[in-house]
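Trainee: here are the coordinates; sequence isn't available:
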């Protein structure tokens, strides 16, 4: 569902909007970070780096669609996941291959980790050492899973998937050495069968994963579905995210592989057990449904220390499986006893009890919703970039949650849209896993030719990327009422009007009236529209909500 602009933005006068644009850059203001945005549509083999006008600054081409994530490295190389066929392991996010391209789109390294019993999936993370952390699943057969303490009634496919992290040292142009690994099956607890492995009291061991809590998996083999892998260099810790269990977990990376397979000896130790977890205390018998805060979240990650909220964790909370379904962006501050040592009180849930910051649509939460994929990112100017991935929609908000930049990916499963096409059409699939924005001083851009080319979309409108200000009042002032409007909308202004135009939320001209200061909107469907009010030498734009009741 396309995100509907915030109420704050609705109450703030707009100077201008690219009202002819239906894809690409929809809004560009001087309050946005004037940087470059990286995205790789999940249904395309292309990866794009665009400026705020949606013009292509660089582009990389692969023979494979992405499994999910891509990264622009500080040296200008592109590190990307790839989806390759696997008849034995197949679910959303399955990859199997990693590629690295230089700035000029030359493939300089690749690595495959795929077979009938294991596969890379979803996410990777480039380490400062040059090694790469990778998420993978490995197959655990039914008999082994039962011996580990799994309830047989929760195994519907004759197997379950172990989630694994491997650290790979690149070798040559198409190989790598696994130098470290971690497996969730080394860190289980179960209270189902005392005759099997891992038996114990779940609520007393939050550092371990309850093997029989399956969340929303409906007994599938992918009972965890880890969808994110991020790293903190200062703490030497890894954060991972389970979509099915609606939890995030932090583990130690300073261990050896043998230590990572062992237990910490308690919640304050290291080893390979969880150092911290958050989002759904039901999973370790320390809460009820009212205590669940995450719902199939994506990309929990540490905000860099040099940015606002540095050291805290940002999470895109998708909101799938709750009623009503809606998305939020969270920032949480895990309580610590010392750096990297997380506070915990026995017989309670891990803190915090609530996020430090929540972004959701202020008009109606259901207007902002992406059931899968998506991301958030704190920017160097203090703003936040949000990727509502299912809609291929990226928007940047300022400190007041005002939207200051908007972009809609025109890349769909049936081809690239032309300017003027409707990206909201039911048949359009322009899904994007994540988007990331870089400031102009990011090291990858040093010495590079950043001359922009054409926009991604076809048939772009020349020069239709007007930089507007949200900090100044327009020369021509006008007000509209009532708002929300049921039938007739009136315009009040000290100066004579030339005409009034009504545009859809996506920028399509719906209606025009040059007769008077009042326009009939009875026939419009309920929703959000723009009103463009023209004077002799200028115009102003307002946002309205049409409500029949």
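Mentor: It's in. The shown structure was predicted, so the numbers you read here are calculated from the model rather than taken from an experiment. Numbers count the residues shown, from 1 in each chain.
Trainee: Report the spatially nearest residue to residue 27, omitting neighbours in sequence.
Mentor: residue 406 (4.2 Å; C-beta to C-beta, 6 or more residues apart in numbering). For glycine as for every other residue, the C-beta is placed from the backbone atoms N, C-alpha and C.
Trainee: got it, and residue 207?
Mentor: residue 273 (4.0 Å).
Trainee: would you say the residue nearest to residue 27 is within a helix?
Mentor: No - going by DSSP: H, G, I helix; E, B strand; the rest coil, the assignment for residue 406 is strand, not a helix.
Trainee: Show me which positions of stretch 296-306 end up buried.
Mentor: By 16 or more other C-beta atoms under 10 Å, the buried positions in stretch 296-306 come out as 296-303.
Trainee: and the residue nearest to residue 207, what is it in contact with?
Mentor: 187, 207-208, 251, 263-264, 267 (C-beta atoms under 8 Å, 6 or more residues apart in numbering).
Trainee: Make TSV from those residues and add distance to residue 110 to it.
Mentor: TSV is the format used below for the contacts of residue 273 (distance: C-beta to C-beta, whole Å):
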residue	distance to residue 110
187	31
207	37
208	36
251	27
263	36
264	36
267	40
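Trainee: Mark which of those are part of strands, please.
Mentor: Judged by DSSP state E, the contacts of residue 273 include residue 251 as members of strands.
Trainee: For my notes, please list the contacts of residue 273 in TSV and give pLDDT and distance to residue 410 for each entry.
Mentor: Formatted as TSV, the contacts of residue 273 follow (pLDDT from 0 to 100; distance: C-beta to C-beta, whole Å):
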residue	pLDDT	distance to residue 410
187	98	44
207	96	46
208	97	46
251	97	39
263	86	50
264	73	49
267	50	49
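Trainee: Filter the contacts of residue 273 down to the buried ones and hand me the ChimeraX line.
Mentor: To isolate the buried subset of the contacts of residue 273 in ChimeraX, counting by 16+ other C-beta under 10 Å, use the following:
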select :187,207,208,251,263,264,267
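Trainee: wait, which of the contacts of residue 273 is closest to residue 102?
Mentor: Of all those, the one with the least separation from residue 102 (C-beta to C-beta) is residue 251, at 32.3 Å.
Trainee: The closest one contacts residue 235, doesn't it?
Mentor: No - the pair residue 251 and residue 235 fails to qualify as a contact (C-beta atoms under 8 Å) at a distance of 10.9 Å.
Trainee: The nearest residue to residue 352 once chain neighbours are set aside: how many residues sit nearby?
Mentor: The spatially closest residue to residue 352, leaving aside those adjacent along the chain, is residue 332, at 5.6 Å (C-beta to C-beta, 6+ apart). When counting by other C-beta atoms under 10 Å, one arrives at 23 neighbours for residue 332.
Trainee: Residue 332 bridge partners, please.
Mentor: residue 313 (DSSP bridges).
Trainee: Who are the contact partners of it?
Mentor: Counted by C-beta under 8 Å, 6+ apart, residue 332 has contacts 278, 312-313, 315, 352, 355-356.
Trainee: for residue 286, same thing?
Mentor: Counting by C-beta under 8 Å, 6+ apart, residue 286 has contacts 203, 206, 347-349.
Trainee: hmm, try it at 10 Å
Mentor: The contact partners of residue 286, taken as C-beta atoms under 10 Å, 6 or more residues apart in numbering, are 202-203, 206, 277, 280, 346-350.
Trainee: Buried among those residues? Make that a PyMOL selection.
Mentor: The following PyMOL line selects those of those that are buried, judged by 16+ other C-beta under 10 Å:
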select buried, resi 202+203+206+277+280+349+350
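Trainee: ok, which pair from the contacts of residue 286 is furthest apart?
Mentor: The widest separation within the contacts of residue 286 (C-beta to C-beta) is 18.7 Å, between 280 and 346.
Trainee: can you map out the helices along the protein?
Mentor: 7-11, 142-147, 257-260 (DSSP state H).
Trainee: Just give me how far the last one sits from the chain centre.
Mentor: Translated: helix 257-260. 31 Å (C-alpha atoms, centre = their mean, to the nearest Å).
Trainee: No further questions, thank you.
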